[in-house]
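In: Below are the sequence and a predicted model for it; my questions follow.
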Amino acid sequence: MRLLPLALCVLLGACSDVVVQTSTPRPAAPQQTPQQVPQTNGPQLSQRQALNNFQTVVRRVEPVAEQFCRSRAPQSNCDFKIVVDDRPNRGVNAFQTLDSNGRPIIGFTVPLIADARNQDELAFVMAHEAAHHIRGHIAQTQQNAALGGLLIGTLAGALGASDASSIETAQRIGATVGARTYSKEFELEADALGTRIAAAAGYDPLRGAAFFSRIPDPGDRFLGTHPPNADRVRTVQRVAAGL
């Protein structure tokens, strides 16, 4: 299921219906030599073309993501809901979360939709976010945060912290460290599975990964939330070579 708010149509200047279209994942082929990720730093698309691209990608990628989800995570809710974050002053971003009923939500900000240079980039971003849900990264992050908070809080108490405020602060620090411990690995896992999902929907993940060339490189920071862009590109190249 998908949601295309009226606000997006107003902001991007056009509206049309979103129609469900199914697709079947393609079988893997023998490995090939990794290809170079093409650069797509050309001019932005018109508002109407950006909206048309987004609607087309939603129609093609969402049912494929559901198929991958039902195959790889049959215990999960695989009824993806696609939303547009049209709040003002939002940057170029996409996210995956769950609603109060556990339904997976994939969100795009309007600036991201407008910044994408082609359908392949939008498809890769959407497939990447769907992969986070399929791999269960939210639950794993919550577990890591809880464990980190427990361990650091206990350690603080053992080292002499006695007041509730100090222990609570230690627990918050531990939860942050725990949540970020495997966040880089989770991003690379989502890139790998997202590559497969995008390709199965008929898109070129190598062309889609060119999106990394236009976003800031976080580098290899300690406890950073994202890996270096070069690592992400290599992951896409490696997986795409086997498709």
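Out: It's in. Numbers count the residues shown, from 1 in each chain.
In: How much space separates residue 108 from residue 240?
Out: From residue 108 over to residue 240 the distance is 23 Å, taken as Cβ to Cβ, to the nearest Å. Backbone N, C-alpha and C define where each C-beta goes, glycine included.
In: Between the two, which has more neighbouring residues?
Out: residue 108 (26 against 23; other Cβ atoms under 10 Å).
In: ok so the more buried one is a helix residue?
Out: No: according to DSSP: H, G, I helix; E, B strand; the rest coil, residue 108 belongs to no helix; its state is strand.
In: who's in contact with it?
Out: Residues in contact with residue 108 (Cβ atoms under 8 Å, 6 or more residues apart in numbering) are 54, 82, 83, 84, 85, 94, 122, 125, 126.
In: can you pull out the strands in the protein?
Out: Listed from the start of the chain, the chain has strands (DSSP state E) covering 81-85, 94-98, 104-109.
In: want to try CSV for the contacts of residue 108, with neighbour count and pLDDT as columns?
Out: Listed next are the contacts of residue 108 as CSV, based on neighbours: other Cβ atoms under 10 Å; pLDDT from 0 to 100:
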residue, neighbour count, pLDDT
54, 25, 97
82, 23, 96
83, 17, 95
84, 20, 95
85, 17, 93
94, 16, 93
122, 28, 97
125, 25, 96
126, 30, 97
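In: which one of those is nearest residue 191?
Out: Proximity of the contacts of residue 108 to residue 191 (Cβ to Cβ) peaks at residue 125, which lies at 10.6 Å.
In: residue contacts, the closest one?
Out: Counting by Cβ under 8 Å, 6+ apart, the residues that residue 125 touches are 94, 108, 112, 116, 208, 211.
In: Just flag the most distant two among those residues.
Out: 108 and 208 (14.1 Å).
In: Now render the contacts of residue 108 as a markdown table, adding distance to residue 62.
Out: Shown next, in a markdown table, are the contacts of residue 108 (distance: Cβ to Cβ, whole Å):
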| residue | distance to residue 62 |
| --- | --- |
| 54 | 12 |
| 82 | 6 |
| 83 | 12 |
| 84 | 14 |
| 85 | 17 |
| 94 | 14 |
| 122 | 12 |
| 125 | 13 |
| 126 | 8 |
